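Undergrad: Next one to model:
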Amino acid sequence: QVQLVESGGGLVQAGDSLRLSCEGSGRIFPSCVMGWFRQAPGKEREFVAAIRLSGSNTAIADSVKGRFTISRDNAKSTVYLQMNSLKLEDTAVYYCAVDVTFGPVRVGEKEYDYWGQGTQVTVSS
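TA: Numbering: from 1, shown residues only. Predicted structure coming up:
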C-alpha cells in the first residue's frame with residue numbers, strides 16, 4: 001500500500017510563487033514515477049509534471065513550462081513542485097500521484113496507481 005500526503009497549497013496573488021510537497025510512504029521504490037496533476041472547477045483533471053524518483057527523467061506540461069519546476073528527494077520519497085509566476089488559471093486542486101509500474105515517465109492519469117487527497121491552490125488578482 002502507498003500513502004501520499006500533499007502540503008504547501010494556499011491563497012496567493014498572481015505573480016507569486018508557491019512550493020508544493022508530496023511525501024510518499026509505503027511501497028515506493030526509486031524506480032517509481034511521482035507526478036502532479038490538477039483539476040480546476042468545471043474542468044477535467046490534467047497532467048502538470050512528473051519525475052522518476054531515482055533519476056532526472058521528467059515530463060512537464062506545456063502550459064506550465066518555464067514557470068513550474070519538479071524535483072525530488074529520493075531518500076525521502078518526496079516530490080516538490082515549485083510554481084513561479086502564478087497565473088489566475090493555475091487555480092486548481094493539485095493532486096500528487098505515483099506510478100509504481102516500471103517504465104517511461106507517463107502523463108496519462110490512468111497510468112498512476114495511487115493518489116493523494118489534493119491541496120488547493122488559489123491565485124487571486
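Undergrad: in what helix or strand does the residue at minimal distance from the centre of the chain lie?
TA: Centroid check for the chain by CA atoms, centre = their mean gives residue 36 as the closest residue, at 2.0 Å. Assessed by DSSP states H and E, residue 36 sits inside strand 33-39.
Undergrad: in the sheet, who's paired with residue 71?
TA: residue 80 (DSSP bridges).
Undergrad: where's it relative to residue 122, distance?
TA: For residue 71, the distance to residue 122 (CB to CB, to the nearest Å) stands at 23 Å. The C-beta positions use only the backbone N, C-alpha and C, and glycine is treated the same way.
Undergrad: Now do stretch 44-61: distance from first to last residue.
TA: Stretch 44-61 has its terminal residues 15 Å apart, counting by CA to CA, to the nearest Å.
Undergrad: Stretch 51-63 too?
TA: 17 Å.
Undergrad: got a list of what residue 81 touches?
TA: By CB atoms under 8 Å, 6 or more residues apart in numbering, the contact list for residue 81 reads 19, 20, 22, 36, 48, 49, 68, 69, 70, 94.
Undergrad: What distance do you get for it to residue 56?
TA: Separation of residue 81 from residue 56 (CB to CB): 16 Å.
Undergrad: low-confidence ranges in the chain?
TA: Judged by pLDDT under 70, the chain has no weakly predicted residues.
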